[in-house]
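> I'd like to go over a predicted model; first the sequence, then the structure.
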Amino acid sequence: MNNVRTKTLIKDADIVVVRFGEKYRQWNAAFDAGYAAALGKSIITLHPPAVAHMLKEVNASASVVCEDAEQVVDTLAYVIEGTLPPPRDGDDFVPIADRLGKGNPNP
């Protein structure tokens, strides 16, 4: 029954958030991400940085890759409301163009 429910929810979704942990291999989550990708759904993956390499193929099909739930919430707020989150480095934020300098040969 869970399989039918999950497939139905993925089919009806506009955006699918797939959460992976680092304690055990989550083949079901990977399969659900693949199913969502096959349906052309926008995918947000959520996982700790420690498992990023193991999920590189899944992340390649994702629209957004997040490391914590706050990033997922920020992403959804941007998609729905157009609200950009504040920079994660707060008042210390320096735009990339300013950090690299004008005329950077490696933009």
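Structure received.

> burial of residue 65, as a residue count?
Per other CB atoms under 10 Å, the neighbour tally for residue 65 reads 19. Heads up, the C-betas are built off the backbone N, CA and C, glycines and all.

> Next up, the contacts around it.
Counting by CB atoms under 8 Å, 6 or more residues apart in numbering, residue 65 touches 44-45, 47, 52, 59.

> One more: residue 87?
Neighbouring residues of residue 87 by CB under 8 Å, 6+ apart: residue 93.

> returning to what we had before: just the buried ones from the contacts of residue 65, in ChimeraX syntax?
Buried subset of the contacts of residue 65, written as a ChimeraX selection, criterion 16 or more other CB atoms under 10 Å:
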select :44,45,47,59
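
> JSON lines please, covering the contacts of residue 65 and showing pLDDT and secondary structure.
JSON lines is the format used below for these (pLDDT from 0 to 100; DSSP: H, G, I helix; E, B strand; the rest coil):
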{"residue": "44", "pLDDT": "98", "secondary structure": "strand"}
{"residue": "45", "pLDDT": "97", "secondary structure": "strand"}
{"residue": "47", "pLDDT": "94", "secondary structure": "coil"}
{"residue": "52", "pLDDT": "90", "secondary structure": "coil"}
{"residue": "59", "pLDDT": "95", "secondary structure": "helix"}
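
> Select, from the contacts of residue 65, the two members most distant in space.
When CB to CB is used, the two most widely separated members of the contacts of residue 65 are 44 and 52, lying 14.4 Å apart.

> in stretch 5-21, what counts as buried?
In stretch 5-21, counting by 16+ other CB under 10 Å, buried: 10, 15-18, 20.

> can you pull up the bridge partners for the residue positioned nearest the centre of the chain?
Nearest to the geometric centre of the chain sits residue 65, at 2.6 Å (CA atoms, centre = their mean). Beta bridges link residue 65 to residue 45, judged by DSSP bridges.

> And it, how far from residue 72?
Using CB to CB, to the nearest Å, one gets 10 Å for the distance from residue 65 to residue 72.
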